[in-house]
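>>> need a structure here:
(one chain, ligands or ions: 1)
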Amino acid sequence: MNGSAPAASIDALANGFAADLFTTDPEWMESYARDRTGSYYGLPFAVARPRTVDEVAAVVRRCMDLNLGIVPQGGLTGLVGAAVSDANEPEVVLLLDRMNAVRSVDPAGYVMVVDAGCILEVAKQAAEAENCLLPITFGSQGSARIGGNVSTNAGGFNVLRYGMTRDLVLGLEVVLPDGRIWNGLRTLRKDNRGYDLKQLFIGAEGTLGIVTAAALKLFPKPTQVETAWLGLRSIDDVMAFYAKARRSCSDLLSAFELILRDGLVLGLASRADLTDPLSEPCPVYVLMELSAGGTVDLRQVLEACLEDVGELIVDGTIAASKAQAERLWLYREAMVEAQSRTGAYYRTDVSVPLPSIPAFLEAALAALAKSLPEGRPIAYGHVGDGNIHFNVVPPPDWSKDQRYILFQKAETLIFETVDRFSGSLSAEHGVGRSKKGAFLKRVDPVTLDLFRTLKSALDPQNRLSRGRIFDL
Ligand SMILES: Cc1cc2nc3c(=O)[nH]c(=O)nc-3n(C[C@H](O)[C@H](O)[C@H](O)COP(=O)(O)OP(=O)(O)OC[C@H]3O[C@@H](n4cnc5c(N)ncnc54)[C@H](O)[C@@H]3O)c2cc1C
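Below is the predicted model:
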């Protein structure tokens, strides 16, 4: 399989399976050949769409027998090129869209069990129908699937309060690279019988097994939500505001998003239906959300918090209705969409220790201004998680080649700045293929050795999502 098309035939692959399980039609497979970044393209050898965990296991065993690589695919919203087939060594894409059931929702035990192919939004709606909250929340939740969320350890807006996907998984069902089914689909909250094996597969980017189902923690669905858009003078003021808000609102704080003026301006320019949310422009904004159930007076908590930090806030608005709250979130969404409309841009999801956010942003912006003045930095992030999306948008008329060079330079500048603050080059999206080089440059040898030991133990033939994160 080194650098050449697989020797196996589709007949050998499909023999004995249901006629509609495999597809090799290149036109149809095009939809599964490119991810959201647009940077990775690979037409698979075949696409398999199993309906049951036993079928997944049988497909995996067949691929192993035929020396075919496999890559599991969810909603294809991942941003690191991990879920599309390798163009040089076409793999079998294992698409879990037919395994999309919500198996159960238990509102008394606050747990749901979902097939890996279930779309996140659908799982969230099923939880809501039982007055519960599945708190994984982000822009692509209408397309991303639970298996992808687990395998990327997805974050999002509400990590501050509820944690990453890793914190929400109680159990998993996984097909191993040798075709065995590991049934770890437990719903227990406390279970200390030896190694916590599910953690191996969470955030593994499909390299250690195929997740086929997950048991997820739920929470009481909030009955009140308060949303505010606030303008401040500086990132230092944002951090001072966050420190006070975290104390005064405690766990009622469910989102605290930072947006720089330039990001808002980009979003406003891309949509005629949006106008500046505040009467005077501010250098930085916070989109803040509190949520609660029960008898707490949430508006009063928010107003008391804002009064307490009064001198830090230049201007602001509190949503008076659900529609107004959705409109405030639209400003953030518009900024993200506007970047995509400019063509390919350089995106990151770095993290630094919380107190380092202002110094990191100052240093990264200064480095860009000095060495890459053509690039337009767009920085925003989940403040409470120390997670900054520090992106760089090239001039709109730049060619693909010019953009590529800019991306290389931006990566060096940004990741070197992250290193200075002992941060991470991936807080959310993972390593995949796009950050593999940068990751390998930095990872310590013992960590890499442990990664390789685990991979060799579970997938000695190196057929599953080969070449993602690291090489064996
Ligand atoms: C507009 C937008 C906003 C986003 N916002 C956020 C955000 O706020 N926070 C965040 O964390 N991410 C965010 N993302 C990234 C992305 O949505 C998440 O990484 C998501 O969890 C990926 O899910 P998916 O089903 O699309 O997975 P895919 O893209 O299909 O796959 C992602 C990885 O998981 C593996 N995989 C998929 N399914 C399985 C399975 N069943 N078993 C084993 N491995 C599997 C794939 O092989 C690949 O390595 C965003 C993306 C977009 C486009």
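>>> where does the stretch 1-150 of the chain come near the ligand, residue by residue?
The stretch 1-150 of the chain comes close to the ligand at residues 36, 71-79, 82-83, 96, 116, 138-140, 144-145, 147-149, as judged by C-beta under 6 Å from any ligand atom. Every C-beta, even on glycine, is put in place using the N, C-alpha and C of the backbone.
>>> Buried subset of the residues you listed as a ChimeraX selection?
Under the burial definition 16 or more other C-beta atoms under 10 Å, those of these that qualify are selected in ChimeraX by:
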select :36,71,72,73,74,75,76,77,78,79,82,83,96,116,138,140,144,145,147,148,149
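>>> Quick check: strands, which of the residues of the stretch 1-150 of the chain next to the ligand are part of them?
Residues of these located in strands (DSSP state E): 71-73.
>>> What distance do you get for residue 200 to residue 182?
10 Å (C-beta to C-beta, to the nearest Å).
>>> joint contacts of these two?
By C-beta atoms under 8 Å, 6 or more residues apart in numbering, residue 200 and residue 182 have these common neighbours: residue 209.
>>> and the ones in strands among the residues of the stretch 1-150 of the chain next to the ligand as TSV, adding pLDDT and distance to residue 174?
Shown next, in TSV, are those (pLDDT from 0 to 100; distance: C-beta to C-beta, whole Å):
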residue	pLDDT	distance to residue 174
71	98	16
72	98	11
73	98	16
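>>> Residue 47: which of the residues you listed is nearest?
Nearest to residue 47 among these is residue 73, at 8.2 Å by C-beta to C-beta.
>>> ok, now which ones touch the closest one?
Residue 73 sits in contact with 32, 83-84, 93-96, 148, where contact means C-beta under 8 Å, 6+ apart.
>>> Can I get the residues you listed in TSV including pLDDT?
Output for the contacts of residue 73, formatted as TSV (pLDDT from 0 to 100):
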residue	pLDDT
32	95
83	97
84	96
93	98
94	98
95	98
96	97
148	98
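>>> now for the residues you listed, which pair is the farthest apart?
84 and 96 (15.1 Å).
>>> Spatially central residue in this structure, please.
Computing the C-alpha centroid of the chain and ranking residues by C-alpha atoms, centre = their mean puts residue 154 first, at 4.1 Å.
>>> Can you name the residues that contact it?
Contacts for residue 154 (C-beta under 8 Å, 6+ apart) come out as 136, 138, 144, 148, 164-165, 428.
>>> so of these, which ones are in helices?
Counting by DSSP state H, the contacts of residue 154 place 148, 165 in helices.
>>> Which of the contacts of residue 154 sits closest to the ligand?
Nearest to the ligand out of these is residue 148 (C-beta to the nearest ligand atom; 2.1 Å).
>>> quick one: the closest residue to the closest one other than its chain neighbours from residue 194, how far?
Nearest residue to residue 148, sequence neighbours excluded (C-beta to C-beta, 6 or more residues apart in numbering): residue 74, at 2.8 Å. Separation of residue 74 from residue 194 (C-beta to C-beta): 29 Å.
>>> Quick one: name the residues of the stretch 301-450 of the chain near the ligand.
Selection of the stretch 301-450 of the chain residues close to the ligand by C-beta under 6 Å from any ligand atom yields 336, 428-429.
>>> Filter the residues you listed down to the buried ones, ChimeraX style.
To isolate the buried members of these in ChimeraX, using 16+ other C-beta under 10 Å:
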select :336,428,429
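>>> Redo the residues of the stretch 301-450 of the chain next to the ligand as a markdown table? Include distance to residue 219.
Below are those laid out as a markdown table (distance: C-beta to C-beta, whole Å):
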| residue | distance to residue 219 |
| --- | --- |
| 336 | 26 |
| 428 | 21 |
| 429 | 25 |
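>>> Using pLDDT, spot the least trustworthy of the residues of the stretch 301-450 of the chain next to the ligand.
Across those, the smallest pLDDT goes to residue 336, namely 93.
>>> so what's it up against?
Contacts of residue 336 (C-beta under 8 Å, 6+ apart): 139, 267.
>>> ok so, going back, what's the distance between the residue nearest to residue 148 and residue 84?
Here the criterion is C-beta to C-beta. By it, residue 74 lies 12 Å from residue 84.
>>> again with residue 262
For residue 262 relative to residue 84 (C-beta to C-beta), the value is 31 Å.
>>> Who has more neighbours out of those two?
Legend: neighbour count by other C-beta atoms under 10 Å for residue 262 and residue 84, higher for residue 84 (25 against 17).
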